[in-house]
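**Q** Fold the stuff below for me.
(one chain, ligands or ions: 1)
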Amino acid sequence: MASAGSIEQTFVQLEDGIRRLTLSLPTGPKHVHCYVADGTLFDTGLGLGEAPWGELDVARIAITHFHPDHVGGAEAASRSTGATVHQGGLDYAQCERVWGSKDWPERMADWFVRHGTPAVVAEDLIAQGHAFAPFIRYAVDPVLVYEGSEVDGWSVLELPGHADGHVGFLRDGVLIGGDHLLRAISPAVGLYPDSRPDPLGDYLASLERTIELAPRIGYPGHGEPLGDAAARAQGLSEHHRVRLDDTAAALARRPRSAYEVSLELFGRELPQTQRRFAVAETLSHLERLVRDGRASRAGDDNRVTYTSP
Ligand SMILES: [Zn+2]
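**A** Model (predicted):
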């Protein structure tokens with residue numbers, strides 16, 4: 001018997017023609033949603049453990065973004081259903097760079113050290129990264145989609161921010177939005193090596209776009225549906241404007257690394273994995289401030305710092 005509160009694989013009929021499949025995750029929000037609409041499966045979970053792909057009658061798989069809990073099951077889902085995988089062009093390039101290259105964990109670790117993270121926190125990334133990567137079985141050579149592409153009547157929207165190549169799928173006022181909008185948590189928006197230079201600027205623009213689109217409903221990768229997607233986008237936009245002010249206030253005349261600023265913003269007591277997210281999130285806010293003239297950046301390949309201007 002399952003323990004109380006554990007998340008089973010469940011199918012829920014959300015509305016005519018759209019079903020939600022929930023898979024459990026070992027960490028974080030503890031679950032991820034995939035959606036099935038007509039002959040399309042949206043997102044594929046982490047790929048660890050069992051998933052009922054064999055029960056699905058789908059001709060296409062569409063991926064919102066390359067994070068492991070969305071793309072990790074793509075190869076298995078494609079193999080057992082025979083469906084073709086569709087993935088954003090930029091997103092697939094990043095997927096290959098991160099999950100398909102041998103030295104990505106080292107490059108991530110160097111990047112964190114350059115931003116002031118203690119070597120012990122960064123080095124932990126290397127072992128973890130190498131242990132984890134082989135389990136992320138994304139589908140090789142998917143059909144690449146872009147803004148304006150269509151997948152079975154769903155329009156592809158490029159919604160960068162949470163991931164540079166993040167896409168959403170919109171049809172008849174329904175937005176299958178991956179992690180672009182979540183109800184209970186603010187989607188992480190971090191700056192990483194080889195990423196677009198201003199992910200928070202991208203995200204704020206994607207939120208504006210969502211407010212204008214005002215979808216009837218948003219189906220997210222985690223948590224409950226968003227009947228008020230435009231209002232949630234507005235709330236997230238305001239949240240980041242407050243965080244930008246907090247980040248500006250955490251700067252001083254003395255140069256500080258993103259790691260040091262993150263201690264101020266997120267506190268000192270964080271597990272190492274969360275600290276890395278905190279540093280990446282701090283960086284996306286610092287780079288936005290640099291573009292607004294509210295922070296200056298100095299440094300080189302060895303060490304980068306920020307000051308108030
Ligand atoms: Zn994600």
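
**Q** switch to C-alpha atoms for all contacts and neighbour counts from now on
**A** Fine.

**Q** Can you give me the buried ones in the helix of greatest length in the chain?
**A** In the chain, taking DSSP state H as the definition, the longest helix is helix 229-250. Buried residues in helix 229-250, counting neighbours by 16 or more other C-alpha atoms under 10 Å, are found at 229, 230, 232, 233, 234, 236, 237, 240, 244, 247, 248, 250.

**Q** can you map out the strands along this protein?
**A** For the chain, applying DSSP state E gives strands covering 10-15, 18-24, 31-37, 40-42, 60-63, 84-88, 143-145, 150-151, 154-158, 167-171, 174-178, 217-220, 296-299, 304-307.

**Q** quick one: the second one to chain centroid distance?
**A** Strand 18-24 has its C-alpha centroid displaced from the chain centroid by 18 Å (C-alpha atoms, centre = their mean, to the nearest Å).

**Q** same thing with the third one?
**A** If you compare the mean C-alpha spot of strand 31-37 with that of the full chain, they lie 15 Å apart, counting by C-alpha atoms, centre = their mean.

**Q** swap in the first one?
**A** If you compare the mean C-alpha spot of strand 10-15 with that of the full chain, they lie 23 Å apart, counting by C-alpha atoms, centre = their mean.

**Q** try the fifth one
**A** Distance of strand 60-63 from the chain centroid (C-alpha atoms, centre = their mean) equals 17 Å.

**Q** Relative to it, what are the paired strands and their orientations?
**A** strand 40-42 (parallel), strand 84-88 (parallel) (DSSP bridges).

**Q** Dump those strands into JSON lines; add mean neighbour count as well.
**A** Shown next, in JSON lines, are the strands paired with strand 60-63 (neighbours: other C-alpha atoms under 10 Å):
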{"stretch": "strand 40-42", "mean neighbour count": "26"}
{"stretch": "strand 84-88", "mean neighbour count": "25"}
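
**Q** Report the contact partners of the residue lying closest to residue 295 once chain neighbours are set aside.
**A** Using C-alpha to C-alpha, 6 or more residues apart in numbering and skipping the chain neighbours, the partner closest in space to residue 295 is residue 308 (4.8 Å). Contacts for residue 308 (C-alpha atoms under 8 Å, 6 or more residues apart in numbering) come out as 248, 251, 252, 253, 294, 295, 296.

**Q** so how far is residue 240 from the first one?
**A** I take that to be residue 248. For residue 248, the distance to residue 240 equals 12 Å [C-alpha to C-alpha, to the nearest Å].

**Q** Could you identify the most distant pair in the contacts of residue 308?
**A** Farthest pair in the contacts of residue 308 (C-alpha to C-alpha) is 253 and 294. Separation: 12.3 Å.

**Q** Would you confirm that residue 35 contacts residue 56?
**A** No - assessed by C-alpha atoms under 8 Å, residue 35 is found out of contact with residue 56, at 11.0 Å.

**Q** Residue 203 contacts residue 165, correct?
**A** No - counting by C-alpha under 8 Å, residue 203 does not reach residue 165; the two are 11.2 Å apart.

**Q** where do the contact lists of these two overlap?
**A** Joint contacts of residue 203 and residue 165 (C-alpha under 8 Å, 6+ apart) are residue 159.

**Q** And the longest helix of the chain, what does it pack against?
**A** helix 199-213, helix 258-266, helix 272-291 (3 or more C-alpha pairs under 8 Å, 6 or more residues apart in numbering; DSSP states H and E).

**Q** Tell me which residues are up against that helix.
**A** Contact with helix 229-250 is made by 181, 183, 186, 204, 207-208, 210-218, 226, 261, 264-265, 282, 285-286, 289, 294-295, 308, as judged by C-alpha under 8 Å, 6+ apart.

**Q** From the residues you listed, list the buried ones, please.
**A** Among these, those buried by neighbour count (16+ other C-alpha under 10 Å) are 181, 183, 186, 204, 207-208, 210-211, 214-215, 217-218, 226, 261, 265, 282, 285-286, 289, 294-295, 308.

**Q** shouldn't residue 30 be in contact with residue 22?
**A** No - in this structure residue 30 lies outside contact range of residue 22 using C-alpha under 8 Å: 10.2 Å.

**Q** So which of those two has more stuff around it?
**A** Legend: neighbour count by other C-alpha atoms under 10 Å for residue 30 and residue 22, higher for residue 22 (23 against 12).

**Q** List the contacts of that one.
**A** 8, 9, 10, 11, 31, 32, 33, 34.

**Q** Report the separation between the residue lying closest to it once chain neighbours are set aside and residue 11.
**A** Nearest residue to residue 22, sequence neighbours excluded (C-alpha to C-alpha, 6+ apart): residue 33, at 4.5 Å. According to C-alpha to C-alpha, residue 33 stands 10 Å off from residue 11.
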